[in-house]
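Student: what's the 3D shape of this:
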Amino acid sequence: MSTRRTFIKQSALASALVATGGIPMPEITDQPVINKTVISTWNFGINANEAAWEILSKGGRALDAVEQGVKITEADPKIQSVGYGGFPDRDGRVTLDACIMDEKGNCGSVVFLEHILHPVSVARAVMEKTPHVMIAGDGALQFALANGFKKQDLLTPESKEAWEKWCKEHQYSPMKIDRDNHDTIGILALDAEGNLSGACTTSGLAWKIHGRVGDSPIIGAGLFVDNEIGAATATGKGESVMKMCGSFLIVELMRNGKSPMEACKIAVERIAKHQPDYKDFQVGFLALNKRGETGGYAITKGFQYAVHNGENTLVDAEHLVKE
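Tutor: The predicted model follows:
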């Protein structure tokens, strides 16, 4: 894979050959080297990255890559925190939230959506076919059906069984988000044209109050893309991310010169400063800048993210709480 470092080395070698009469000096331009990259949350991001990379590697658009990437996760019944097979709310109903954002600042979102396998694609339809950004509840379902999406039951027998067990054994409080209970998949991509896009999709907190919506479908909280600077996404306790507009904050920090890792770390520190109970929950952030540099940071140990820039690798994120 070509990088700026290898370009500099190759240019130096070429200059040496020119000096000795070896070869003609190639024309040097100021065009940056674009490093195609896709990054996504948690270990299930590995499969999402593969689908996204297939599009990027063929010169495809970052927007298409992020949509196809998270659709893999949405359709997997074994992932009980996103899409089909997601844990229901406390009333036994699977409700989904998703958003998507492209390189031009266009965005679409659906919240409290039931019975649709791919909420991210409905969010894209909102972005491309309406003047709106967000559609909710029954209105989102009506919009999806009117645009060719099919209604289906998303509650699998396994998730129903888990919900029924919870009803017998627990008080009505949502499941804690931690290393054993993942939630959102957020994904960011940089394509060969140097354009960024992102998507975020979830079934939200298990056993949540019916109607609860987290940060995942909210532009600026669960996801934000600025094609001049970079993109960011969040996972974990959505209420905590919404309180500080996490993804927007990270992009603005990168605008002011911070690396993706530094920006994510500052955002986590902001949560710790203003939310005293921060040790009781998990939040993780991911960021990707225009150079293809990535970073991730979390409150506590256990947050993993997947990075694909030619090789698809799983990374254990650094974290604030060391105990």
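Student: Settle this for me: residue 152 is touching residue 94, isn't it.
Tutor: No - with contact defined as CB atoms under 8 Å, residue 152 does not count as touching residue 94 (10.5 Å). Every C-beta, even on glycine, is put in place using the N, C-alpha and C of the backbone.
Student: Give me the neighbour count for the nearest residue to residue 36 once chain neighbours are set aside.
Tutor: Nearest non-adjacent residue to residue 36, counting by CB to CB, 6 or more residues apart in numbering: residue 56, 4.8 Å away. A count of nearby residues for residue 56, using other CB atoms under 10 Å, gives 24.
Student: helix/strand/coil for residue 189?
Tutor: Assigned with DSSP: H, G, I helix; E, B strand; the rest coil, residue 189 falls in the strand class.
Student: give the contact list for it.
Tutor: 37-39, 52, 56, 62, 65-66, 69, 196-198, 288 (CB atoms under 8 Å, 6 or more residues apart in numbering).
Student: and the gap between it and residue 157?
Tutor: 34 Å (CB to CB, to the nearest Å).
Student: what's residue 93 sitting at in phi/psi?
Tutor: Residue 93 has phi and psi values of phi -110, psi 130 when expressed as degrees, to the nearest 10.
Student: Restricted to helices, list the contacts of residue 189.
Tutor: Members of those lying in helices (criterion: DSSP state H): 52, 56, 62, 65, 66, 69.
Student: Show me the helices in the stretch 51-200 of the chain, by range?
Tutor: 62-74, 119-129, 137-146, 157-169 (DSSP state H, counting those that start in this stretch).
Student: so which of the ones you listed is the most packed in?
Tutor: For these, ranked by mean neighbour count under the definition mean count of other CB atoms under 10 Å, the leader is helix 62-74 at a mean of 27.
Student: now for it, which elements pack on it?
Tutor: Under the contact definition 3 or more CB pairs under 8 Å, 6 or more residues apart in numbering; DSSP states H and E, helix 62-74 sits against strand 37-41, helix 45-56, strand 96-101, helix 119-129, strand 185-190, strand 196-202.
Student: measure stretch 291-301 end to end?
Tutor: Start and end residues of stretch 291-301 are separated by 28 Å (CA to CA, to the nearest Å).
Student: what's across from residue 196 in the sheet?
Tutor: Using DSSP bridges, the bridge partners assigned to residue 196 are residue 190.
Student: which residues sit in contact with it?
Tutor: Neighbouring residues of residue 196 by CB under 8 Å, 6+ apart: 62, 103, 188, 189, 190, 225, 226, 227, 230, 231, 288, 290.
Student: Just the pLDDT at residue 289, thanks.
Tutor: You'll see residue 289 listed with a pLDDT of 98.
Student: Please tell me how far it sits from residue 225.
Tutor: 11 Å.
Student: Residue 163 now?
Tutor: When residue 163 is compared with residue 225 (using CB to CB), they lie 35 Å apart.
Student: that older thread, wait, which of the contacts of residue 189 is closest to residue 112?
Tutor: Nearest to residue 112 among those is residue 198, at 21.0 Å by CB to CB.
Student: Give the burial count for that closest one, as a bare number.
Tutor: Neighbours of residue 198 (other CB under 10 Å): 32.
Student: from memory it sits against residue 185, does it?
Tutor: No - counting by CB under 8 Å, residue 198 sits too far from residue 185 to count as a contact (11.2 Å).
Student: list residues touching both of those two?
Tutor: By CB under 8 Å, 6+ apart, no residue touches both residue 198 and residue 185.
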